[in-house]
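pasting the sequence and the predicted model now:
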Amino acid sequence: MMTTIAARELRSMFLSPLAWGVLAVTQLVLGYLFLAAVDRFHRLQPRLAAMDGGPGVTDIVVNSLFSSAGVVLLLITPLLTMRLISGERAEGTLALLRSAPVSVTRIVLGKYLGVLGFLAIVLAVVLLMPLSLYAGTTLDLGQLAASALGLALMAASFAAAGLFMSSLSSQPTVAAVATFGLLLLLWILEWSGNLGGGLQQAVDYLSLMGHYQDLRQGLVNTADIAYYLLFIATFLVLSIRRLDADRLYG
C-alpha cells in the first residue's frame with residue numbers, strides 16, 4: 001500500500017503543470033549556470049596550468065554547479081511538498097485516506113517516497129551535466145560522488161521538512177511559505193557570526209549549509225551523514241505524530 005501511495009503521488013505530480021514547470025525551469029537555470037562555470041574554467045585554464053596543485057575542473061565547475069543546485073532545491077522543494085498533506089486536507093480527502101486500511105506511518109512514508117521520486121529525477125539530470133565532461137577531461141570521481149551524496153541527502157531533508165509543514169496546515173500556500181522560511185533559517189544559521197562557546201558549535205551543527213559544504217569538498221564524514229539522516233527521521237516522525245493526532249482528535 002505504501003508503494004501504491006508513492007506511485008499515486010508521483011503520478012499526480014506529473015499530471016500537474018507545476019511539476020513540469022519546476023522541472024523545466026530548474027534544468028534551464030542549472031544548465032545555464034553549468035555552461036557559465038565551464039566557460040569560466042576555460043578562461044582560467046592557462047593560469048591554472050601554471051599553478052602547482054591548482055584547482056581543477058571538479059573544483060571549479062562541479063563544485064559551483066552543486067552549490068547552485070542546493071540553492072535551487074531550497075526554492076523548489078516547498079512548491080513540491082506544499083500539497084502533500086495540506087492539499088488532501090483542503091480537498092476533504094484526508095479523512096478518507098486516514099479511514100483506509102493502512103497505517104498513518106505508511107501514508108506518510110508513501111507520500112514522502114513519492115516526492116523523493118520526483119527529486120531523484122531532478123538530481124539525475126543534474127548529475128548528467130558534470131558526467132558529460134568525463135569524455136573530454138579528468139574528473140575527481142570521489143569528490144563528484146560525495147557532492148551527489150550531499151545533494152541527495154539535502155534534498156531528502158528538504159522534502160521531510162516540507163512534508164511536516166504540509167501536515168500542519170490546510171492551505172498549501174501557507175505550507176510552502178512556512179517550509180521555505182524554515183529551510184532558509186537552517187541554511188543561513190552559519191552566518192550568525194561568532195556566538196562563542198557551545199552555542200556557536202550548536203548553531204554550526206544545525207546549519208544545513210555547513211554539512212553540505214564539507215561533502216561538496218569531497219570530505220565524507222559520518223557526522224554529516226548522521227545529521228541528515230537524523231533530520232529526515234525527526235521530521236518524518238513529527239509528521240506521523242501530527243496525523244495520528246488528527247485521527248485521534250478529529
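Looks like it came in fine. Residues are numbered from 1 along each chain as shown.

for the chain, which residue occupies the most central location?
residue 155 (1.6 Å; CA atoms, centre = their mean).

what about the nearest residue to it once chain neighbours are set aside, neighbour count?
Computed as CB to CB, 6 or more residues apart in numbering, the closest residue to residue 155 that is not its neighbour in sequence is residue 119, at 4.7 Å. Yep, even glycine has a C-beta here, placed from its N, CA and C like the rest. Summarising burial for residue 119: neighbours were counted as other CB atoms under 10 Å, giving 20.

again, but for residue 5
If you count neighbours by other CB under 10 Å, residue 5 ends up with 21.

tell me the mean pLDDT for the host helix or strand of the residue nearest to residue 155?
When secondary structure is defined using DSSP states H and E, the element that contains residue 119 is helix 104-131. The average pLDDT for helix 104-131 rounds to 91.

chain center to it: distance?
With CA atoms, centre = their mean, to the nearest Å as the basis, helix 104-131 stands 9 Å off its chain's centre.

same check on stretch 65-80?
Between the mean C-alpha point of stretch 65-80 and the mean C-alpha point of its chain there is a distance of 7 Å (CA atoms, centre = their mean).

buried residues of it, list them for me.
In terms of neighbour count (16 or more other CB atoms under 10 Å), stretch 65-80 has its buried residues at 65-70, 72-74, 76-80.

touching, residue 160 and residue 231? I think so.
Yes - with contacts counted by CB atoms under 8 Å, residue 160 reaches residue 231, the gap being 6.8 Å.

show me which of these two is the more surrounded one.
More neighbours surround residue 160 than the other of residue 160 and residue 231, with 26 against 21 (other CB under 10 Å).

now the strands for the protein?
Residue ranges of strands cannot be listed for the chain, since DSSP state E assigns none.

where does pLDDT dip in it?
Residues of the chain that meet the criterion pLDDT under 70 lie in 1, 48-55, 94-100, 190-200, 247-250.

thank you kindly, that will do.
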